[in-house]
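Trainee: need a 3D model of the following:
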Amino acid sequence: MKTFDNEWIFRAFEEHPSFFTKRMFGGLAVYLFGRQMMVLVEPTRSGRWKWHGVLICTDYAHHSAIIKDFPQLAPHNILKKWLYLDTRDADFEPIMADVAKAIAQDDPRFGISPQTPKKKAVLSRSRSGKLKQRRNR
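Mentor: Sure thing, here's the model as predicted:
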């Protein structure tokens, strides 16, 4: 399994019982406290993604407060809802270490709740032969 250059960031919270990772966008999504907190991204072999850094999962409402504390973070140019820090930033490691500490302390500005799968509507015929829609559970 591929490892990512910046997995050292996990040290701040990898012992927490809620911590786990999952592949996403060719990157590695990080979950903690039941929320998706960040995605480590590196260029893909296909060349589809050329990003190399960390996407910080958050809502627009928290951008200004997070950027006030971590001014090097900025909305990603494609995934604008999330903040991003490129590994080429001169202070990448100390900034990400501080972000990881905030995440480890369950700072509510960080993270998004995973979406639950939407229930699909299923068409079925009633006894009279008419089509009706019902929710699949």
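Trainee: stretch 9-27: end-to-end distance?
Mentor: Stretch 9-27 has an end-to-end distance of 14 Å (criterion: CA to CA, to the nearest Å).
Trainee: same check on stretch 38-46?
Mentor: Start-to-end span of stretch 38-46 (CA to CA) is 22 Å.
Trainee: ditto for stretch 58-65
Mentor: Counting by CA to CA, you get 11 Å between the two ends of stretch 58-65.
Trainee: now do it, average pLDDT.
Mentor: Mean pLDDT, stretch 58-65: 96.
Trainee: chain center to the helix ranked longest in the chain, what's the gap?
Mentor: Secondary structure of the chain per DSSP state H: the longest helix is helix 92-104. Centroid separation for helix 92-104 versus its chain: 15 Å, with CA atoms, centre = their mean, to the nearest Å.
Trainee: ok, and what's touching it?
Mentor: For helix 92-104, contacts defined as CB atoms under 8 Å, 6 or more residues apart in numbering pick out 6, 9-13, 16, 32, 37-38, 53-54, 56, 69-70, 72-73, 85-86, 89, 109-111. All C-beta atoms are positioned from the backbone trio N, CA, C, and that covers glycine.
Trainee: change it to 7 Å
Mentor: By CB atoms under 7 Å, 6 or more residues apart in numbering, the surrounding residues in contact with helix 92-104 are I9, A12, F13, L32, M37, V54, I56, F70, Q72, L85, D89, F110.
Trainee: just the buried ones from those?
Mentor: With burial judged by 16 or more other CB atoms under 10 Å, the buried subset of those is I9, A12, F13, L32, M37, V54, I56, F70, Q72, L85, F110.
Trainee: between these, which is nearest R45?
Mentor: V54 (19.8 Å; CB to CB).
Trainee: and the helices in the chain?
Mentor: Using DSSP H, helices in the chain cover 63-69, 92-104.
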